[in-house]
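Peer 1: quick one, fold the following:
(one chain, ligands or ions: 1)
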Amino acid sequence: MDYNKLAELLFPNVTKTPADMEALYPSRQLPEGAKVTRFAPSPTGFVHFGGLFPTTVAERLAHQSGGVLFLRIEDTDARREVAGAAEGLIKTLSRYGINFDEGAVLGDDGKVTDKGVYGPYKQSVRGPIYHVYAKQLVREGKAYPCFTDAQELEEILSVNKKEEIKNTDWQAEAQARRAEMLKAREITMDEVEANLAAGNPFVLRILADGNPERKIKFTDLVKGNMEIPENDEDFVLLKSDGIPTYHFAHAVDDHLMGTTHVIRGEEWLPSLAKHLQLFRYLGFKTPKYLHIAQIMRLDENGNKKKLSKRDMGANMDDYTEMGYCPEAVCEYVMTLLNSNYEEWRMQNPDKAYTEFPFNIKKMSVSGCLFDFAKLSDVSKNVISRMDADTVTDAVTAWALEYDRPFGEILSNNRSMAREIFSIGRGGKKPRKDLATWRDAKPYMGFFFDEYFEIEAEYPEKFPREDIKSVLKDFISGYDVNDDMNVWFDKIKAIAEKNGYTSDMKSYKASPDAFKGNVADVSMFLRLAVTGKINSPDMYSVMQILGKDKVEERILKMVEKL
Ligand code: GLU
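Peer 2: Sure, this is the predicted structure:
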């Protein structure tokens, strides 16, 4: 077969050569060790937690090494494309600290546009580039056209199909299909010419030289050393509309764009042999690979399941409404990514997570477990380290969007809200009441009459008369100018007067000798003033509420009892 002639027949309009391409996309001039990484999503919907995960790795590796992180839009499957998805994912990722140096970015008009000299960064407009390399492969006898009905052959050769036909004798079936594939390789120049003359479409297939009996030794930077069978499947490089498959586009794009580290989901591992073959055929240097395990979750029965698109927590846009702050989510992702992150955080409470020396070697090889309880834990710590202004602004902004009346109350009473969020903040052991901005209302809504309600009953064992007496005693001695010690001494005195001890030691030694203790007395006050059994520090609460409000609430409770 005259491969040059074949190449001309198939790609008559391609005049450029790979050398021309190399000249257009020269290697990047970066400092030693700088990594070039990318996120390469198909714009088919929202950003999934399982997508944020590898992307954070890509971001950290690039920016920690003085390299480049770029965004490439893999929109070769127009049928699956969702309008506005690319714009949406750029915004969402930016919220989670993923900012691209290069690639598809948002222009001033809010539309996706290119930034950088290694573009275009949208695969759908890179057609001519792929065709240059496709033509070269044909010229070298490494790829051939296949005029069999494209879809039919797609099915014949698809590895996944083997899975589906498990119940039938798939080995026999696969053999038959392989025979067909080998037959397709034998196409003659006359047949090619006749098909082209008839206007028949073709797919371009690689001429696979692998033998699955032989294994390729390969080191994945996360998974470690592995041996994978060589590829013997003549997979499709260009579909019949001339659009490349993922495999082909991956090799061409990551080569020309200078990607040093490909970070992607482990679902691509079974295709790796194809990619290695393709890089070899094209004469490209193979990038380093990091295959990241799928994020798992526990189902109702405690079994590990893949975190799927529909699962709670999958869609990154949901976190905003749930009230999680991006800092907490980023921090949580870091705890999942590097086993020593939490220890580092304890030692460096004030540093930004980006200062953590992220290390590929500390990544988990198997799937990380997604867990809301853990996220909330991390989040409580993150929020506890924020200052009162930051928290006040964030809760207010969140509420204005998702709970308008509450948001308006907060913004109309900003300084009071700030004082409330200052309670127990700033010290060595800050309070950890909030995991989300949504938690703010249940935590501190009682300060405002609109949300104040008595949420619990006094326990039966305390005589109503005692409670009333305590409440009245408190009112008669209450002076809003008392400092905390004087204030508490008064409460202790009230306790003693009513037969409740203020000496916790003696109480513990013989609880039956007393009606109760000073903590019970405080609880009487707390429930009247806050409506809750648990609340932030009562002294601070009363200071913020002010004398009139404290008295009003206590008297109301006296009346009620
Ligand atoms: N478009 C591919 C995907 O969404 C990208 C995989 C890769 O990062 O290479 O799965």
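
Peer 1: all contacts plus neighbour counts: C-alpha atoms, from now on.
Peer 2: OK.

Peer 1: sketch out the low-pLDDT regions of the stretch 151-300 of the chain for me.
Peer 2: Flagging of the stretch 151-300 of the chain using pLDDT under 70 yields the residue ranges 151-170.

Peer 1: assign whatever residue of it ends up closest to the ligand to helix, strand or coil.
Peer 2: Per Cα to the nearest ligand atom, Arg264 is where the stretch 151-300 of the chain lies closest to the ligand, at 4.4 Å. Secondary structure, DSSP: H, G, I helix; E, B strand; the rest coil: Arg264 is strand.

Peer 1: what about it, how many neighbours?
Peer 2: Arg264 has 23 neighbouring residues, counting by other Cα atoms under 10 Å.

Peer 1: identify the residue spatially nearest to it, adjacent ones excluded.
Peer 2: Take Arg264 and drop its neighbours on the chain: the residue closest to it by Cα to Cα, 6 or more residues apart in numbering is His291, 5.3 Å away.

Peer 1: and Ile243, what is it in contact with?
Peer 2: Contact analysis of Ile243 by Cα atoms under 8 Å, 6 or more residues apart in numbering lists Thr76, Ser124, Gly127.

Peer 1: no wait, Leu410
Peer 2: Residues in contact with Leu410, defined by Cα under 8 Å, 6+ apart, are Thr396, Ala417.

Peer 1: any idea how far the strand or helix carrying it is from the chain center?
Peer 2: With secondary structure defined by DSSP states H and E, Leu410 is part of helix 404-412. Mean-position distance between helix 404-412 and its chain equals 30 Å (Cα atoms, centre = their mean, to the nearest Å).

Peer 1: which positions within it qualify as buried?
Peer 2: Under the neighbour-count criterion of 16 or more other Cα atoms under 10 Å, helix 404-412 has Phe406, Gly407, Ile409, Leu410, Ser411 buried.

Peer 1: interface residues of the stretch 151-300 of the chain facing the ligand?
Peer 2: Selection of the stretch 151-300 of the chain residues close to the ligand by Cα under 6 Å from any ligand atom yields Ile263, Arg264.

Peer 1: how about the strands in the stretch 151-300 of the chain?
Peer 2: Ranges of strands in the stretch 151-300 of the chain, per DSSP state E, counting those that start in this stretch, are 203-206, 215-220, 224-229, 236-238, 261-265, 288-292, 296-298.

Peer 1: which one of those lies closest to Asn315?
Peer 2: Checking the strands of the stretch 151-300 of the chain against Asn315 by Cα to Cα gives strand 296-298 as the closest, at 14.1 Å.

Peer 1: about what we covered before: now the element after the helix holding Leu410, going C-ward?
Peer 2: As assigned by DSSP H and E, the chain's next helix or strand after helix 404-412 is helix 414-422.

Peer 1: pretty sure Ala249 sits against His131.
Peer 2: No. Look at Ala249 against His131 with Cα atoms under 8 Å: they stay out of range, at 10.5 Å.

Peer 1: which one of those two has more residues nearby?
Peer 2: Shown here are Ala249 and His131; by other Cα under 10 Å, His131 has more neighbours (24 against 21).

Peer 1: can you classify the more buried one as helix, strand or coil?
Peer 2: Here His131 is recorded as helix under three-state DSSP.

Peer 1: repeat for the one 10 residues further on
Peer 2: Under the three-state scheme (three-state DSSP), Gly141 adopts coil.

Peer 1: and it, how many neighbours does it have?
Peer 2: For Gly141, the neighbour count with other Cα under 10 Å is 17.

Peer 1: which one is it nearest to, not counting chain neighbours?
Peer 2: Nearest residue to Gly141, sequence neighbours excluded (Cα to Cα, 6+ apart): Tyr3, at 5.9 Å.

Peer 1: which residues of this structure lie near the ligand?
Peer 2: Contact residues, the chain versus the ligand (Cα under 6 Å from any ligand atom): Phe39, Ala40, Pro41, Ser42, Glu74, Ile263, Arg264.

Peer 1: any chance of those residues in TSV with secondary structure as columns?
Peer 2: Formatted as TSV, the residues of the chain next to the ligand follow (three-state DSSP):
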residue	secondary structure
Phe39	strand
Ala40	coil
Pro41	coil
Ser42	coil
Glu74	coil
Ile263	strand
Arg264	strand
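
Peer 1: helices of the stretch 101-250 of the chain, start to end?
Peer 2: Here the stretch 101-250 of the chain has its helices, by DSSP state H, counting those that start in this stretch, at 127-139, 150-157, 159-164, 170-185, 189-197, 246-256.

Peer 1: ditto for the stretch 251-400 of the chain
Peer 2: Assigned by DSSP H, counting those that start in this stretch, the helices in the stretch 251-400 of the chain fall at 272-282, 316-322, 326-337, 341-347, 372-384, 388-402.

Peer 1: and those, which is most packed in?
Peer 2: helix 326-337 (a mean of 21; mean count of other Cα atoms under 10 Å).

Peer 1: then that one to PDB, C-alphas only?
Peer 2: The C-alpha coordinates for helix 326-337 follow below in PDB (Å, rounded to 0.1, in the frame of the first residue of the first chain):
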ATOM      1  CA  PRO A 326     -15.500  27.600  50.100                       C
ATOM      2  CA  GLU A 327     -12.600  27.700  52.500                       C
ATOM      3  CA  ALA A 328     -14.100  24.800  54.500                       C
ATOM      4  CA  VAL A 329     -14.700  22.800  51.400                       C
ATOM      5  CA  CYS A 330     -11.100  23.400  50.200                       C
ATOM      6  CA  GLU A 331      -9.800  22.500  53.500                       C
ATOM      7  CA  TYR A 332     -11.900  19.300  53.600                       C
ATOM      8  CA  VAL A 333     -10.600  18.300  50.100                       C
ATOM      9  CA  MET A 334      -7.100  18.800  51.400                       C
ATOM     10  CA  THR A 335      -7.700  16.500  54.400                       C
ATOM     11  CA  LEU A 336      -8.900  13.800  51.900                       C
ATOM     12  CA  LEU A 337      -6.000  14.400  49.600                       C
END
